[in-house]
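Novice: Structure of the sequence below:
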Amino acid sequence: MADLFAQTTPQGEPRDDPRTDAPLADRLRPRALAEVIGQDHLTGPEGAIGRMVAAGRLSSMILWGPPGTGKTSIARLLADAVGMRFESVSAVFSGVADLKKAFAAADVAAQAGRKTLLFVDEIHRFNRAQQDGFLPFVERGTVTLVGATTENPSFELNAALLSRAQVLILHRLDAEALGKLLDRAEELEGPLPLTPEARAALVASADGDGRFLLNQAETLYNAKIAEPLDSAALGQFLQRRVAVYDKDREGHYNLISALHKSLRGSDPQAALYYLARMLTAGEEPLYVLRRLVRFASEDIGLADPQALVQCLAAKDAYEFLGSPEGELAIVQACLYCATAPKSNAAYKAQKTAWKSAKETGSLMPPQNILNAPTKLMKDIGYGKGYAYDHDADGGFSGANFWPEGMTPQSYYEPVERGFERQVKERMEWWERKRAELLAD
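Specialist: Presented below is the predicted three-dimensional model:
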């Protein structure tokens, strides 16, 4: 890390470097886009930012992501990478006067042939009128706007502003990325006073927030701890419950398996316990929600079609509210799934239908149910003899819809539970009616 404290930008200008007594997170700020951790999908050669830098031209953008994922660092480094002047305002501390001052300075710089990157931190905190104030300066090219937000831009930013900026999503830092951050801290400050298990627990406790992780590490360094702490001692020292996962994340997969099987076994109490175990250990709530959505289709299906609706509504509610308020919606979806009637008929039907489709290749559907948009197609028999079911007695024609040479198959076999009981009765009526029509 020889270039960690470089004193100039690539354009030879003085760099605003942190003091040697600055917080650890400031002293470990990346000095080039290549040093940004955990956002390769944006900063890498094939990423949106990587491509813009390679072309030497930036478009206005909104950086959307959780706290501590590198939004501010990326904005600073972007200006350096393409030789632009960097101007920064915070929507928390700035008002209209500050914005006018920033735009005036950008106008002066533009007349001197210098382009300005205007970084607006917490841009969602500006009201609608203030956001509209950016538009003429962005349209004229006076500034290239880079906004940072932890909130969903769809809800918090004007449509007019969004139409002029590209929304780039930053990921929460995973365990590997957080581990690299700690490696950099240890290169600078020396080994952390932690056992390997406690180090992994410290990473897990950060919940994807790199700044939080480095602040915790700095607390440990400042304490001058003589002997390495284990996981339990670390949790007590930081006065914060630290989630412990095995290095290979076996605990993570054990808990999600236990949750899934408790739901399948219709035990809402056990399901709620395992859900709590995962969320209080710092598991990503959206991961749990994805599993619940899958469960609603795989293990409930049409036995209770509302299960899928409940799970997707819980996902929307969580994204709208965030933690901790939104976690109650996850609990509701979990309890609904656990207490719903169960059926894997749709899951089994999918597997057998997919297998059948692969085996039968490109069989043509019967001509009577083919569309005939041209005269030639009508002349050769497409659509001829099609029975319009709504005109048939009972709204059911009993026509054959299977390809010639393929016998009708039974993929979906509804169970005698929940709503599927009614589906089963309806399907049985259709089969009887079809047999009667064939006999006539």
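
Novice: Now do the strands in this structure.
Specialist: Here the chain has its strands, by DSSP state E, at 61-64, 85-90, 116-121, 143-149, 166-169.

Novice: what's the first one in contact with?
Specialist: Meaning strand 61-64. 48, 71, 74-75, 123, 145-153, 157, 162, 165-170 (Cβ atoms under 8 Å, 6 or more residues apart in numbering). No exception for glycine: its C-beta is placed from N, CA and C like everyone else's.

Novice: what do you get if the cut-off is 7 Å, keeping everything else the same?
Specialist: 71, 74-75, 146-149, 153, 157, 165-170 (Cβ atoms under 7 Å, 6 or more residues apart in numbering).

Novice: Report the distance from stretch 218-231 to the chain centre.
Specialist: From the chain centre to the centre of stretch 218-231 is a distance of 34 Å (Cα atoms, centre = their mean, to the nearest Å).

Novice: buried sites along that stretch?
Specialist: E218, L220, Y221, L229, S231 (16 or more other Cβ atoms under 10 Å).

Novice: Take those residues and keep only those in helices.
Specialist: E218, L220, Y221, S231 (DSSP state H).

Novice: Can I get these in CSV including pLDDT and distance to Y347?
Specialist: As requested, those are exported to CSV (pLDDT from 0 to 100; distance: Cβ to Cβ, whole Å):
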residue, pLDDT, distance to Y347
E218, 93, 50
L220, 93, 48
Y221, 92, 52
S231, 89, 39
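
Novice: Of those residues, which is the nearest to P66?
Specialist: E218 (20.3 Å; Cβ to Cβ).

Novice: Could you count how many residues lie near T150?
Specialist: 17 (other Cβ atoms under 10 Å).

Novice: now swap in K378 and tell me
Specialist: By the criterion of other Cβ under 10 Å, K378 has 12 neighbours.

Novice: Turn the buried residues of stretch 218-231 into JSON lines, columns for distance to A110.
Specialist: JSON lines is the format used below for the buried residues of stretch 218-231 (distance: Cβ to Cβ, whole Å):
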{"residue": "E218", "distance to A110": "41"}
{"residue": "L220", "distance to A110": "47"}
{"residue": "Y221", "distance to A110": "45"}
{"residue": "L229", "distance to A110": "54"}
{"residue": "S231", "distance to A110": "55"}
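
Novice: What residue spans form the domains of this structure?
Specialist: 32-169, 251-339, 366-439 (automatic domain parsing).

Novice: And the contacts of strand 61-64, which of them are buried?
Specialist: If we count by 16+ other Cβ under 10 Å, the contacts of strand 61-64 have these buried: 71, 74-75, 146-149, 153, 157, 165, 167-168, 170.

Novice: returning to that earlier point: would you list the ones in helices among the buried residues of stretch 218-231 in JSON lines and tack on distance to M278?
Specialist: What follows is these, written out as JSON lines (distance: Cβ to Cβ, whole Å):
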{"residue": "E218", "distance to M278": "29"}
{"residue": "L220", "distance to M278": "26"}
{"residue": "Y221", "distance to M278": "31"}
{"residue": "S231", "distance to M278": "18"}
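
Novice: M84 is in contact with F119, isn't it?
Specialist: No - using Cβ atoms under 7 Å, M84 is not in contact with F119; the gap is 10.6 Å.

Novice: More neighbours: the two, which one.
Specialist: More crowded of M84 and F119, by other Cβ under 10 Å: F119, with 26 against 19.

Novice: List the beta-bridge partners for that one.
Specialist: Counting by DSSP bridges, F119 is bridged to S88, V146.

Novice: quick one: pLDDT of it?
Specialist: Note for F119: predicted pLDDT of 95.

Novice: Show the contacting residues for it.
Specialist: Counting by Cβ under 7 Å, 6+ apart, F119 touches A75, F86, S88, V146.

Novice: As a quick check, tell me the outermost residue of this structure.
Specialist: Computed with Cα atoms, centre = their mean, the residue of the chain farthest from its C-alpha average is D440, at 56.9 Å.

Novice: what comes up buried for the worst-scoring helix or strand of the chain on mean pLDDT?
Specialist: Taking mean pLDDT, DSSP states H and E as the measure, the chain has helix 153-156 as its least confident helix or strand, at a mean of 83. Using 16+ other Cβ under 10 Å as the burial criterion, the residues of helix 153-156 that qualify are P153, E156.

Novice: can you list contacts of it?
Specialist: I62, W64, H124, T149, L162, V167.

Novice: let's see 6 Å
Specialist: With Cβ atoms under 6 Å, 6 or more residues apart in numbering as the test, helix 153-156 has contacts from I62, W64, H124, V167.

Novice: Greatest separation within the residues you listed: which pair is it?
Specialist: Pairwise over these, using Cβ to Cβ, the maximum falls at H124 and V167, 12.1 Å.

Novice: re the thing from before, export the contacts of F119 as TSV, with columns for distance to S257.
Specialist: As requested, the contacts of F119 are arranged in TSV below (distance: Cβ to Cβ, whole Å):
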residue	distance to S257
A75	41
F86	49
S88	47
V146	43
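
Novice: The residue nearest to A392 when sequence neighbours are not counted: how many residues sit nearby?
Specialist: Nearest residue to A392, sequence neighbours excluded (Cβ to Cβ, 6 or more residues apart in numbering): G398, at 7.7 Å. Counted with other Cβ under 10 Å, the neighbours of G398 add up to 18.

Novice: do you know how far G398 is from P366?
Specialist: From G398 across to P366, the span is 14 Å (Cβ to Cβ, to the nearest Å).

Novice: do the same with I330
Specialist: 47 Å.

Novice: D98 now?
Specialist: For D98 relative to P366 (Cβ to Cβ), the value is 71 Å.

Novice: same deal with D440?
Specialist: 20 Å.

Novice: shaky segments in the protein?
Specialist: 1-19, 239-251 (pLDDT under 70).

Novice: Where is the longest helix in it?
Specialist: When the chain is scanned for its longest helix (criterion: DSSP H), the result is helix 420-439.

Novice: name the helices or strands packed onto that one?
Specialist: Based on contacts counted as 3 or more Cβ pairs under 6 Å, 6 or more residues apart in numbering; DSSP states H and E, there is no element that helix 420-439 packs against.

Novice: Mind listing what's buried along it?
Specialist: Result for helix 420-439 [16+ other Cβ under 10 Å]: buried residues E420, V423, K424, K433, R434.

Novice: for stretch 269-277, same thing?
Specialist: Buried residues in stretch 269-277, defined by neighbour count with 16+ other Cβ under 10 Å: A270, A271, L272, Y274, L275, R277.
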